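Peer 1: Give me the fold of what follows.
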Amino acid sequence: MQYYNEEMILNRQFLNLAKNMKATRPHQILCGGITEVYYHDKVLYVSVVLDTYSRKILAYHVSYYEGASLIIGTVDKLNVF
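Peer 2: You can find the predicted model right below:
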């Protein structure tokens, strides 16, 4: 298993990043992410799935909790196939 060190993080070297990939049609390459949003002294977590070809958000889910249920909620809303 590979781990990140401080230098890799500061230089934005990510081991799980797919490089040299170019989508040639919609829904060919999807990417996702999670971010924290501060709202009325609370933290909300937003999970999204993006289509790299169109740069559109295909699905999102907002929750007070970060965890598997956040991702499952996003994937359940994904309607691309």
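Peer 1: what about the helices in this protein?
Peer 2: Taking DSSP state H as the criterion, the chain contains helices spanning 6-10, 68-77.
Peer 1: Return the most buried member of these.
Peer 2: Ranked by mean neighbour count, those are led by helix 68-77 with a mean of 14 (mean count of other CB atoms under 10 Å). The way it works is simple: take the backbone N, C-alpha and C, and place the C-beta from them, glycine included.
Peer 1: worst-scoring helix or strand of the protein, pLDDT-wise?
Peer 2: Here the helix or strand of the chain ranked lowest by mean pLDDT, DSSP states H and E is helix 6-10, holding a mean of 74.
Peer 1: Tell me where the model's unsure across the chain.
Peer 2: Within the chain, the ranges that satisfy pLDDT under 70 run 1-4, 15-16, 80-81.
Peer 1: In it, which residue is most central in space?
Peer 2: G33 (1.6 Å; CA atoms, centre = their mean).
Peer 1: so that one touches S47, yeah?
Peer 2: Yes - counting by CB atoms under 8 Å, G33 touches S47, with 7.3 Å between them.
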